[in-house]
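Participant: Quick one, fold the following:
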Amino acid sequence: MIASTRALLDALDPVRESERKHRIDATIPGPFTTVGDRIVDAFGRDLILRGVQHHALQDVDYKGREVRQSDYALMKQLGFTTLRLAISWSRLEPAPGRYDERYLREIKDALDHAQQASLFCVLEWHQDLYGRCTQEEDAPTRMNANGAPDWAGWDDIEPSVLAHIEAFDRFFANRDGRFDQYLRAWSVVADRFRDHPAVIGYDVLNEPQGTPGFETRVLYPAYRRTIAALKDAGARGLFFLDAPALRNETNAMATESMRDAGPGVVYAPHLYSGWLSLYVANVMPRRRTKAMDFAAANKEAQVMGVPWWNGEWAVNTMLDEWQHYVKAHVELEDHHRVGSCYWSITRAVPGQGDASISGGQALFDESYTLKRELVDILSRPYAIATPGILRWMYYDFGWRRLSLEIDVKNTEAPLILYAPARHLGVMRELEVQGSDYAFDFHPEQELVLVRFKERGMARVRLRSAT
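Facilitator: Residues are numbered from 1 along each chain as shown. Predicted coordinates for the structure are as follows:
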């Protein structure tokens, strides 16, 4: 065993670029794929995709979800690597077979801004309650209903709170060719953006719903068809499969193997751990409930035979002691070594929609001021890319220390750590056990890079030296 070695990283006096002979590259190349229960880059490194929801292009009745151009660079600065970019079928295809070029340009603009900020994007087919067509004009639920265009509904379905269940049953059954139309529309998007450098994958369908037992009966076959259609249109990378919306409350769903869908499939449940409790009853779930939710998701992914990603989650910051809930959640993420997507960057305009749902969880408050206390918990130090198998990872908020263990498989591509000064101070200490190594520090991006010289188990500790 090689003795532990330490190095001081000083943001106040970094090694000048001209003096550094062997700068270590922080690039994370694609295409991304999956190996067993791991999401990996082109070097085969384990990836933790820490993301945030971009919903400015989502078609909803209320406004205020704009994302400014400066927000892209800010998200990168805060340690997020990934945007889950919501797109709406109703805006893409306002009439059957007519695809809106202006909307496609808006999607491209968002992807271009993400690329400029070195952010990855997951294109996400968003819907809630199938579409506005399922809800009555004056119903409070209509404000957030979105997804399918009105022409993709059915005139004989009477709008009501639960009308979307019947609409989804018909949709998955391809009544009147609706599922085929959805596949064609998705294929248009995949064909248009398959070569865009920011796109790493596709979130197939946000929070689908149906009658009890519909997962194995219709949902998984529908997912297989969608993945095949996307691949036929040239899509590559990752394919995220959401859990039914009901799982947000019950922490349970029927599962089956999805290995036959090919590499790149990622299970993406939304770990609100009691959505109705958190946003309707305004009761904060207990840590035990949160831990059970993670354990259930992990087991579901094992049955499906794919890695998993917490595809959406949030906290209502209007409730007391929300900080404990967020810390419990992020500690469980690190324990399970999974990434996530936090909902969301911005909130709705004040007075439009329930404040706890539309704004209480966003990174910005209604005056567009960043919620620093929330952000500081979310954007903690972590391993972005690991040259081998990440065995465990833990960030201690009290001691300001990141610890991880790696089964090193690659001595060419480096370990990439996010090391924000707001957590670790301007002086960081790096300690490595189990391998000789070379390191680099990119203070402008707050990244620490470690290239191991031996394969095998290595332990890394990054902490404040002040």
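Participant: quick check, distance from stretch 83-93 to the centre of its chain.
Facilitator: 16 Å (C-alpha atoms, centre = their mean, to the nearest Å).
Participant: again with stretch 361-368
Facilitator: That offset, for stretch 361-368, works out to 19 Å (C-alpha atoms, centre = their mean).
Participant: Contacts for that stretch, please.
Facilitator: 52, 314-317, 342-347, 349-350, 359, 370-371, 374-375, 378 (C-beta atoms under 8 Å, 6 or more residues apart in numbering). All C-beta atoms are positioned from the backbone trio N, CA, C, and that covers glycine.
Participant: Repeat that for stretch 274-292.
Facilitator: Residues outside stretch 274-292 that contact it (C-beta under 8 Å, 6+ apart) are 248-249, 251, 271-273, 315-316, 318-322, 324-325, 328-329, 332, 354, 356-357.
Participant: Any buried residues in that stretch, and which?
Facilitator: By neighbour count on 16 or more other C-beta atoms under 10 Å, the buried set for stretch 274-292 is G274, W275, S277, L278, Y279, M284, P285, R287, K290, A291.
Participant: Pretty sure the third one sits in a strand.
Facilitator: Think S277. No - read with DSSP: H, G, I helix; E, B strand; the rest coil, S277 is helix and lies in no strand.
Participant: before we move on, back to that, can you flag which of the contacts of stretch 361-368 belong to helices?
Facilitator: When DSSP state H defines the helices, the subset of these inside them is L374, V375, L378.
Participant: export those residues to a markdown table and tack on neighbour count?
Facilitator: What follows is the ones in helices among the contacts of stretch 361-368, written out as a markdown table (neighbours: other C-beta atoms under 10 Å):
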| residue | neighbour count |
| --- | --- |
| L374 | 21 |
| V375 | 18 |
| L378 | 20 |
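Participant: I'd like to know which of those is nearest to A185.
Facilitator: Of all these, L378 has the smallest distance to A185: 33.0 Å, by C-beta to C-beta.
Participant: residue contacts, the closest one?
Facilitator: Contacts of L378 were listed using C-beta under 8 Å, 6+ apart, and they are L78, V326, V330, Y342, L363.
Participant: where does the chain dip in pLDDT?
Facilitator: By pLDDT under 70, the weakly predicted segments of the chain are 1-3, 11-22, 62-64, 348-359.
Participant: residues contacting the most centrally placed residue in it?
Facilitator: Among the residues of the chain, the one closest to the centroid is C341, at 3.1 Å (C-alpha atoms, centre = their mean). C341 makes contact with G51, V52, Q53, T82, R84, V122, W309, N310, G311, E312, W313, according to C-beta under 8 Å, 6+ apart.
Participant: Out of those, which sit inside strands?
Facilitator: G51, V52, Q53, T82, R84, V122, N310, G311, E312, W313 (DSSP state E).
Participant: farthest pair in the contacts of C341?
Facilitator: Longest span within the contacts of C341, C-beta to C-beta: V122 and W313, 14.8 Å.
Participant: These two: which has the busier surroundings?
Facilitator: V122 (28 against 24; other C-beta atoms under 10 Å).
Participant: Buried residues of stretch 251-259, list them for me.
Facilitator: N251, M253, T255, M258.
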